[in-house]
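Visitor: I would like to see how this sequence folds:
(one chain, ligands or ions: 2)
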Amino acid sequence: MRMGKLSDAIERRQQETTVKTESLIRGRGNTATRENNQIFLAGKSSVGGAYSQKLVALTAPNSIDAENFKILKTRILFPKDRQKPKTILVTSALPEEGKTFVAANLGVSIALGVKEYVLLVDCDFRHPSLHNMLGYSNKQGLHEYLTGKVALPDVIIRTRVDKLSLLTAGSLPDNPPELLSSTLMEALLKQVKGRDENRFIIFDAPPSQLTAEAHVLANHVDGIIFVVRATKSPREAIRKSIQTLGEEKILGVVFNGYSERSKSYGKYYKKYYRE
Ligand SMILES: Nc1ncnc2c1ncn2[C@@H]1O[C@H](COP(=O)(O)OP(=O)(O)OP(=O)(O)O)[C@@H](O)[C@H]1O
Ligand SMILES: [Mg+2]
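Guide: Ligands and ions are numbered 1, 2, ... in the order given. Take a look at the predicted model:
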């Protein structure tokens, strides 16, 4: 196990054509061409509020944080020693370590690419918050889809970022782990398997040391991004989590060095197990 070279990723990223952020924010009522695709363009264009300032990939595209998300994205889009992961789980050992922050910004960063479509799915029924990051409400979502109450296209929101869709968590179920391993969940995952290689699903999961959900999802996804809150995440909890999630599935560890005290976006580092 060794650290990846960030310089490689930066070089690759520079070779990649990235469409400017402003031109990709879709106006309301935009009628994007529908493709033969169940989830990436099938959702509704819902009227949302303002997205959070913490969505740095959009609000501060030239910041170090946004830059780092581009590097993380490049590592995912151009893996050196594995197939491109199309279903990605974002988790961490404990609460408040930056999972939602990472999932949302990574999703935006990937969708801002030329060809890539992203569906962000909030699997944290106990503390759903992806919808807040993107400026939407959470009335119905994954729970209602998984219990057969609604069809997928009826709960997927086409966000104002072109090629970025959102499936909010919905209401709190009694049995989150069971729901996440249901056949309807498999159907959702199948939407990207063997299809166009530019379609991604990113799952925002609850903490792996406190709930079973991250472990259930880990079995179904292609890869995991593990978030570590610098100076806060206990070493033993990190070790246990990575071991039980399956080290071979970890695409990278994000070291989130956000400092509450300074209220700045802080330093934000990524190091990788794999090159
Ligand atoms: N790098 C960062 N820069 C700025 N704010 C951050 C950063 N990382 C996390 N935060 C903020 O810290 C708080 C906790 O982050 P977040 O909600 O992403 O954590 P989480 O791991 O998803 O928490 P939970 O386990 O409760 O779902 C949020 O207000 C988030 O916006
Ligand atoms: Mg969260």
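Visitor: pull the contacting residues for the residue in the stretch 151-275 of the chain that ligand 2 sits nearest to.
Guide: With Cβ to the ion as the measure, Asp204 is the residue of the stretch 151-275 of the chain nearest to ligand 2, at 5.9 Å. For the C-beta atoms, the positions are set from N, CA and C on the backbone; glycine is no exception. When contacts are counted by Cβ atoms under 8 Å, 6 or more residues apart in numbering, Asp204 touches 90, 99-100, 103-104, 120-124, 129-130.
Visitor: among those residues, which are in helices?
Guide: 99-100, 103-104, 130 (DSSP state H).
Visitor: follow-up on the earlier one: so which of the contacts of Asp204 are also by ligand 1?
Guide: 99-100, 124, 129 (Cβ under 6 Å from any ligand atom).
Visitor: now, which of those sits nearest ligand 2?
Guide: For these, the nearest to ligand 2 is Thr100 (3.3 Å; Cβ to the ion).
Visitor: returning to what we had before: can you list the contacts of Asp204 in JSON lines and add pLDDT?
Guide: Listed next are those as JSON lines, based on pLDDT from 0 to 100:
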{"residue": "Val90", "pLDDT": "97"}
{"residue": "Lys99", "pLDDT": "97"}
{"residue": "Thr100", "pLDDT": "98"}
{"residue": "Ala103", "pLDDT": "98"}
{"residue": "Ala104", "pLDDT": "98"}
{"residue": "Leu120", "pLDDT": "98"}
{"residue": "Val121", "pLDDT": "98"}
{"residue": "Asp122", "pLDDT": "98"}
{"residue": "Cys123", "pLDDT": "97"}
{"residue": "Asp124", "pLDDT": "97"}
{"residue": "Ser129", "pLDDT": "97"}
{"residue": "Leu130", "pLDDT": "97"}
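Visitor: the stretch 101-250 of the chain: strands as residue ranges?
Guide: For the stretch 101-250 of the chain, the strands defined by DSSP state E, counting those that start in this stretch cover 117-122, 157-158, 164-167, 199-204, 223-229, 250-259.
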